[in-house]
Every structure is written in C-alpha cells, then in structure tokens.
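Chemist: sharing a model prediction with you, sequence too.
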Amino acid sequence: MSEVKGWFVTGTDTGVGKTTIACALVRALRARAVRVAVAKPVASGAKRTAQGLRNDDALELAAAANVDVTATQDYQRINPFCFEPPIAPHIAAADAGVAIDVAALAARIGTNASENDWLVVEGAGGWRVPLDATRDFSDLAVALDLPVVLVVGLRLGCINHALLSAESIAACGLKLAGWIANGIDPGMARQAENVATLTARLGMPPAMLVPHGATVAETAALAEPAIDRLMVGFSTRRTG
C-alpha cells in the first residue's frame, strides 16, 4: 500500500464497540483539522435501500468522516464488499458468488485514501475472521501495512481474547499501536483488576478506558488524548 498513515481497528470479538471507537478516533482527528479517510472493507449484515445495500457501521464511519455516501460509488469507496445476511463474511461472500482479492482490496483502499492525511480502517468481528477459505482480516491488515488498534470489550473472558489477539498481531509482523478498554458489560466483576492485568501483560496501559454508557461526545473527548498515545512510534509499522 502507499505511505498513507493510519490504523487498522480490530476487536477481541464481535460486538465489542469497534465502530464506536473508530468513529471517536475519526472525530478527534478531524477536530485537529486532519483529513481522514475511512474504510469498512467488508461488511455483512446490511439493509436494502433505494441506493442499494447499506451497512450501519459503514454509514457511521462515513458520518464521522463527514463523507456524503448518497451516491453508490461514494459508498463503495468506504465499503467495497457489502452483504445482506448478518453472517460470517466469508460465508456471505461465498453465498453471493463473490471472491475477495485481498491485495486488490488493499490497493483500492490505499488509492481511495491517497488524498487524505490519515486512514482509519475497521475490520469485522475479530482479528482472524475469515474472508475466504484460506485468508482472513489479518491478511488484509498485513497488505495494508498499518499499525493495529485493538478494541477490548471489557467482559468475562476478555483477557484471554485480548492476549491471543495481540500474539497473533505480533506473529503477523504488525505493530500493536495500542488497545482500547471498552466497558460493554456494566455488571463485569473486578473490571479494574482485569484492566490492570491486561496493562501488565500487553506492556502498555489502555489508550482509552471508555465507561459503559459513555455518550458519543464523551467517547470523542476520551479519543482526543488517545490519538497522541496511538501515534507514538508510528514510523515503526512492523515488529520485525
């Protein structure tokens, strides 16, 4: 991919708040007058509209970046592969008879972002969600060659999911720019101790600690200082 700077936002699972966090980062960047391109390369779970299939996550990213996606070609710049059923993307793609070329997709995203200062790409589900029989979102992240932001949904089991994700990110040779602790379970026991364990095991504190029920404005405010933390050492995209 080109030398566009940015982040690949992934999560420890589906439903952990990747879109919320990605949009907050986009808004915080734009508040600094940074020109931001966004991408939701592959999305399953879409609604039919007069303009065609539309995925809510992609629409939220477009709104955060202040991009008008009324025209189909503008929407497809953000979400090139959009499938209607809310199922695993590789199954949705197979059912639709669509093959996802990872290298071509990465090149397309890079070209679309080339006139901007920063690129925020959101995956789907977790780090190793398949795109076809042999490749998954980690392969797309490698092709994009962007540092990774890991959104950790704070709930029982998150330590295991976060550590396995971080290990896989490193094994792929990509830099973990940082992790976000997102309070998705208001009843989680010993949340502070879980965050402390993750801080010790991941070797860094969370760039953001988002409490359950935080508003869009509150999350964007937390994202402002997080941007500086996530940009540290950006010149080193790969770990090896």
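Modeler: Structure's in. What do you need?
Chemist: quick one, grab the pLDDT at Ser235.
Modeler: pLDDT for Ser235: 47.
Chemist: swap in Ser2?
Modeler: 49.
Chemist: and if you look at the one 3 residues further on?
Modeler: Per-residue confidence (pLDDT) for Lys5: 91.
Chemist: any idea what it is bridged to?
Modeler: Lys5 has the following beta-bridge partners by DSSP bridges: Trp118.
Chemist: that one: neighbouring residues, count only.
Modeler: Using other C-beta atoms under 10 Å, Lys5 is surrounded by 17 other residues. (Each C-beta comes from the backbone N, C-alpha and C, glycine too.)
Chemist: pull out the buried positions in the longest helix along the chain.
Modeler: Once the chain is assigned using DSSP state H, the helix that runs over the most residues is helix 216-231. Of all the residues in helix 216-231, those buried under the rule 16 or more other C-beta atoms under 10 Å are Thr219, Ala220, Ala221, Leu222, Ala223, Glu224, Ala226, Ile227, Leu230, Met231.
Chemist: where exactly do the strands run in the chain?
Modeler: Under the criterion DSSP state E, strands of the chain are mapped to 5-11, 36-39, 42-44, 47-49, 52-54, 81-83, 118-122, 148-153, 176-182, 208-210.
Chemist: got the ones you listed as CSV, with distance to Asp95 columns?
Modeler: Converted to CSV, the strands of the chain look like this (distance: least, C-beta to C-beta, whole Å):
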stretch, distance to Asp95
strand 5-11, 24
strand 36-39, 23
strand 42-44, 10
strand 47-49, 16
strand 52-54, 14
strand 81-83, 8
strand 118-122, 23
strand 148-153, 28
strand 176-182, 31
strand 208-210, 35
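Chemist: ok, now how distant is Glu115 from Val36?
Modeler: Per C-beta to C-beta, to the nearest Å, Glu115 is found 11 Å from Val36.
Chemist: what about these two, which has more around it?
Modeler: Val36 (23 against 9).
Chemist: tell me the contacts of the more buried one?
Modeler: By C-beta atoms under 8 Å, 6 or more residues apart in numbering, the contact list for Val36 reads Val26, Leu29, Arg30, Ala65, Asn116, Asp117, Trp118, Leu119, Val120.
Chemist: per-residue pLDDT, it?
Modeler: Each residue has a pLDDT score; the one for Val36 is 96.
Chemist: point out where this structure drops to low pLDDT.
Modeler: 1-2, 233-240 (pLDDT under 70).
Chemist: hey, where'd the helices end up in this structure?
Modeler: Under DSSP H, the chain gives helices at 18-31, 56-64, 72-78, 89-96, 102-113, 137-144, 158-171, 191-202, 216-231.
Chemist: show me what the last one is packed up against.
Modeler: With contacts defined as 3 or more C-beta pairs under 8 Å, 6 or more residues apart in numbering; DSSP states H and E, helix 216-231 has these neighbours: helix 18-31, strand 176-182, strand 208-210.
Chemist: any idea how far the shortest one is from the middle of the chain?
Modeler: Averaged C-alpha coordinates place strand 208-210 at 16 Å from its chain's average position (C-alpha atoms, centre = their mean, to the nearest Å).
Chemist: ok, that strand: who's next to it in the sheet?
Modeler: Using DSSP bridges, strand 208-210 pairs in its sheet with strand 176-182 (parallel).
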